[in-house]
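Asks: Provided below are the primary sequence and the corresponding predicted coordinates.
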Amino acid sequence: MIKIAVEKKVGGKYGHFELEVATGFQLNKTTRILGPSGVGKTTLLKILAGLVLPDSGKVVFENELWYDGERGYSKKVQDRGVGFVFQDYALFPNMSVEKHLQYGSNDSSYISRLLELGEMTKMRDKLPRQLSGGQQQRLAIMRALSTKPKLLLMDEPFAALDSQLKHRLISGLKLLFAEQQTTVIVVTHQEDELSDENSLEFTLTTKED
């Protein structure tokens, strides 16, 4: 179980508000984070990854302390075993598709499997600027999976994909998640994304200042 009970003051284009989250996420499951734009969904993912520090509270992953506001402790990002698919992809501009995956793994057979899953085998030598938006998004997903993370955080990961490609990709991802027992937390506005009888949902709300 991932247990999170945190508070964080958030400011941005949607105004200022207090993000308060007190919940648990089941391990080896996919949880879909729902809620309107500007409610703090991306901030919640970044808190779990350690990229944003809460103002107070605790985050515990399977009895392992990741954040404790009272003690002033935060487990290092690189030590959390988290994969993150960012909305803006955050790709390395001078690194080929294959090099992106080799950055996370030296297992050539696994890299080939990811390229096939993302339907990007023929693009392995291309740079991000040579890819379409949908191809960049698929690369971001494959890169996040290259380290075989125990926790995968996905922020609107399929927004640039057409429905048929998205369906094929999600089918393959579900098989991989089950095989690797990956805990997945995904922010989405689409009801059909990574949704099945085994997936869970959490709706995020905020308290206005």
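Replies: On my side now, so go ahead.

Asks: thinking residue 121 is in contact with residue 112, fair?
Replies: Yes. At 7.5 Å, residue 121 counts as touching residue 112 under the criterion of Cβ atoms under 8 Å. Just so you know, the C-beta spots here come from the backbone N, C-alpha and C atoms, and that holds for glycine as well.

Asks: show me where this protein has strands.
Replies: Under the criterion DSSP state E, strands of the chain are mapped to 2-12, 15-25, 30-34, 56-61, 64-68, 73-74, 82-85, 151-155, 183-187, 200-203, 207-208.

Asks: so for the last one, mean pLDDT?
Replies: Within the predicted structure, the mean pLDDT of strand 207-208 is 47.

Asks: can you start the count at 189 instead of 1 from here on
Replies: Taking 189 as the first residue, the last one we looked at is strand 395-396.

Asks: nearest to residue 359, of the strands of the chain?
Replies: strand 218-222 (13.3 Å; Cβ to Cβ).

Asks: keeping just the C-alphas, turn that closest one into CSV.
Replies: Taking Å, rounded to 0.1, in the frame of the first residue of the first chain, the C-alpha atoms of strand 218-222 are listed here in CSV:
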residue,chain,number,x,y,z
THR,A,218,-3.7,0.7,-11.8
THR,A,219,-5.3,3.8,-10.1
ARG,A,220,-6.8,6.5,-12.3
ILE,A,221,-6.7,10.0,-10.8
LEU,A,222,-9.7,12.0,-11.9
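
Asks: scan the protein for its longest helix.
Replies: helix 351-368 (DSSP state H).

Asks: if we can go back for a sec, looking at the strands of the chain, which has the lowest confidence?
Replies: When I compare these, strand 395-396 is least confident, with a mean of 47.

Asks: centroid-nearest residue for the chain?
Replies: residue 341 (1.8 Å; Cα atoms, centre = their mean).

Asks: correct me, but that residue touches residue 270?
Replies: Yes. Residue 341 is within contact range of residue 270, at 6.2 Å (criterion: Cβ under 8 Å).

Asks: mutual contacts of the two, please.
Replies: 236, 237 (Cβ atoms under 8 Å, 6 or more residues apart in numbering).

Asks: re earlier: ok, and what's touching the longest helix of the chain?
Replies: Residues contacting helix 351-368 (Cβ under 8 Å, 6+ apart): 218, 305-307, 322, 326, 329, 333, 336, 340, 346, 349, 370, 372, 381-382, 384.

Asks: any quick ChimeraX command for the buried ones out of those?
Replies: Applying 16 or more other Cβ atoms under 10 Å to the contacts of helix 351-368, the buried members can be selected in ChimeraX as follows:
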select :218,305,306,322,326,329,333,336,340,346,349,370,372,381,382
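
Asks: list the contacts of residue 300.
Replies: Applying Cβ under 8 Å, 6+ apart, the residues near residue 300 are residue 309.

Asks: ok, residue 291 to residue 319 distance?
Replies: 16 Å (Cβ to Cβ, to the nearest Å).
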